[in-house]
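[1] Have a look at this fold, sequence not included:
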């Protein structure tokens, strides 16, 4: 658990490092970057994440979770050091692309590993705890930029990330175990070819389920990246002062952390599907409720509830995906869902910009942002109905008693 949390913290740090150093990159006179050029550099990491998530699933299913995690950490560290020692914007951009490939590859390897090592009754909670590392790492990146980079250029931020990656690589090599499914302790991997994960994910009887999961993850990423990018500006458009608007962003992520853990405990007791549906519905209701001008005592809890639903749902989806597919296709399924879902990560900020640029009344800004949450709920309901249908050929969902046992202690 500690290693998984540390790995995801590094992922969060590497993702936010670019945003934390963007003002310094603009002011770095030898490069003379313009705003469009800076935006192009920023888009390289999500592009790398998309390809990393899509490609690494098959490698993880074939060669094991631990080995793929170690290789991904090497790739991330290499990319961060490339950024730190970049001689020109092109070299820096190549480093950010490599960082994206490594970061995109880490979670399709880590999510199935945590799922397979966690006790059957705590799989959602363990996954949610590990996922908290993303927000922790983002906060650390912003803090490092604020504390260490005053009066300096951007390079130290990336040196810290690269050095932390090498340290974590050594710790992971020593202490992170392999999944029991890849240590000869389970027959689940032997029940299917290790190189057939992608074929299983994209063909019947799993093809329809895969499409629904991709849609749900896309909606989740629209909410995560859209709200984190535009919530302060949406609140300012609703005539809240800047200080309060930034407070809303902090509360959104606080609600995601605390609420995500609470929903994970509920999912471990009631199953993942109903909490996933509830998260999307709660997110839609909370975002729509922000359109009503209210006092901070009312709005603050609404923002936290919205964060729990809009951002916390992603951890539940990762576990539900892992539980649905056989072991030899599990990482491929997570990789496909997260890779396709990156479309939502790109569309979320774009959607927010279009909504604000339309000049609508402030209340409609929030109502329109609630639509992806409602769509996610519809897709989750469709998936639940599909699982309950008596038709033959539906994918088999693993029950706790069927899951591979954890490592002997």
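    Yep, it's here. In this text the structure is predicted, and so the values were computed from the model without any measurement. Numbers count the residues shown, from 1 in each chain.
[2] What number of residues are in the vicinity of the nearest residue to residue 313 once chain neighbours are set aside?
    Leaving aside its chain neighbours, residue 313 sits nearest to residue 279 (3.8 Å; criterion: C-beta to C-beta, 6 or more residues apart in numbering). All C-beta atoms are positioned from the backbone trio N, CA, C, and that covers glycine. Using other C-beta atoms under 10 Å, residue 279 has 30 other residues around it.
[3] Same question for residue 239.
    Using other C-beta under 10 Å, residue 239 has 8 other residues around it.
[4] related to what we said a few turns ago, which ones are touching the residue nearest to residue 313?
    Applying C-beta atoms under 8 Å, 6 or more residues apart in numbering to residue 279 gives the contacts 263, 308-310, 312-313, 316.
[5] Mind checking which of these land in helices?
    Among the contacts of residue 279, the members falling in helices (DSSP state H) are 263, 308-310, 313, 316.
[6] Which one of these is nearest to residue 197?
    Checking the ones in helices among the contacts of residue 279 against residue 197 by C-beta to C-beta gives residue 316 as the nearest, at 22.1 Å.
[7] Distance of the most centrally placed residue in the chain relative to residue 75?
    By C-alpha atoms, centre = their mean, the chain has its centre lying nearest to residue 314, at 6.8 Å. Separation of residue 314 from residue 75 (C-beta to C-beta, to the nearest Å): 23 Å.
[8] Let me have the ones in helices among the contacts of residue 279 in TSV, extended by distance to residue 111 and pLDDT.
    Below are the ones in helices among the contacts of residue 279 laid out as TSV (distance: C-beta to C-beta, whole Å; pLDDT from 0 to 100):
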residue	distance to residue 111	pLDDT
263	17	91
308	20	90
309	20	91
310	20	89
313	15	91
316	12	92
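[9] Pick out whichever of those sits closest to residue 206.
    Distances from residue 206 to the ones in helices among the contacts of residue 279, taken as C-beta to C-beta, are shortest for residue 316 (19.3 Å).
[10] quick one: contacts for the closest one?
    Per C-beta under 8 Å, 6+ apart, neighbours of residue 316: 124, 128, 263-264, 267, 272, 275-276, 279.
[11] How about the contacts made by the nearest residue to residue 84 once chain neighbours are set aside?
    Sequence neighbours aside, residue 158 is the residue nearest to residue 84 in space, at 3.9 Å (criterion: C-beta to C-beta, 6+ apart). Applying C-beta under 8 Å, 6+ apart to residue 158 gives the contacts 17, 21, 80-81, 83-84, 95.
[12] Closest one of the contacts of residue 279 to residue 115?
    Closest to residue 115, out of all of the contacts of residue 279 and judged by C-beta to C-beta, is residue 316, at 12.1 Å.
[13] What separation do you get for that closest one and residue 376?
    From residue 316 across to residue 376, the span is 11 Å (C-beta to C-beta).
[14] do the same with residue 11
    Distance, residue 11 to residue 376, by C-beta to C-beta: 23 Å.
[15] between these two, who's got more neighbours?
    The neighbour count for residue 11 versus residue 376, taken as other C-beta under 10 Å, is higher for residue 376 (30 against 26).
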